[in-house]
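Undergrad: Sequence below, structure please.
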Amino acid sequence: MPDMPWFTPTPPAPGAEVHVMASRFETETLLGAVRFFLKAPGIIGQIRKAPGAHGVALRARVLGRTFLTLSAWEDPQALHRFARSEPHRSSSRAAAAFMRESAFAYWTAPASELPITWAEAERRLSEEAARPERTA
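TA: Numbers count the residues shown, from 1 in each chain. I've put the predicted structure just below:
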């Protein structure tokens, strides 16, 4: 499955610091993965119009039932407004029924580092998964 490459809805101000979120979703079944994938374009489209969004990308491995998302935001509030708005809100609630595992990582970065690489996103997600409070 092809990736949805990094898209910059609104460029950040020069010298700004951005708030980055990476996520990894694994579905229980292939049908769940197909359902997740079919919702992805709507969510990506929503981010492309969201106030405060500075970037978004998706890595979809439907047959592997794994999806990575990467986004950059003006501030944490912009990310939270997006997450609570439609269609993301209802789609994420519906997806919970067929998720096996989800992981999230949040950090800040200079705007000059955009777009964030998949290698960096995966490193951050691995570090988050290895944190002691996550394994207890």
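
Undergrad: and the longest helix for the chain?
TA: helix 30-49 (DSSP state H).

Undergrad: Just the mean pLDDT for that one, thanks.
TA: In this model, helix 30-49 carries a mean pLDDT of 91.

Undergrad: Show me what the helix or strand that that helix is followed by pairs with in its sheet, parallel or antiparallel.
TA: The helix or strand immediately downstream of helix 30-49 is strand 53-61, counting by DSSP states H and E. Here strand 53-61 has these sheet partners by DSSP bridges: strand 4-7 (antiparallel), strand 66-73 (antiparallel).

Undergrad: dump the residue contacts of Ile116.
TA: Shown in contact with Ile116 (Cβ atoms under 8 Å, 6 or more residues apart in numbering): Val20, Ala22, Gly55, Leu70, Ala72, Ala109. Every residue, glycine included, has its C-beta placed from N, CA and C.

Undergrad: Wait, the fourth one touches Trp118, no?
TA: Yes. Taking Cβ atoms under 8 Å as the definition, Leu70 is a contact partner of Trp118 at 7.2 Å.

Undergrad: Overlap in contacts, those two.
TA: With Cβ under 8 Å, 6+ apart as the test, Leu70 and Trp118 both reach Ala57, Arg59.

Undergrad: between those two, who's got more neighbours?
TA: Leu70 (25 against 15; other Cβ atoms under 10 Å).

Undergrad: Quick check: beta-bridge partners of the more buried one?
TA: Beta-bridge partners of Leu70, as defined by DSSP bridges: Ala22, Ala57.

Undergrad: Tell me how far it lies from Pro132.
TA: 25 Å (Cβ to Cβ, to the nearest Å).

Undergrad: Please apply the same query to Arg93.
TA: 30 Å.

Undergrad: between the two, which one's more packed in?
TA: Arg93 (9 against 6).
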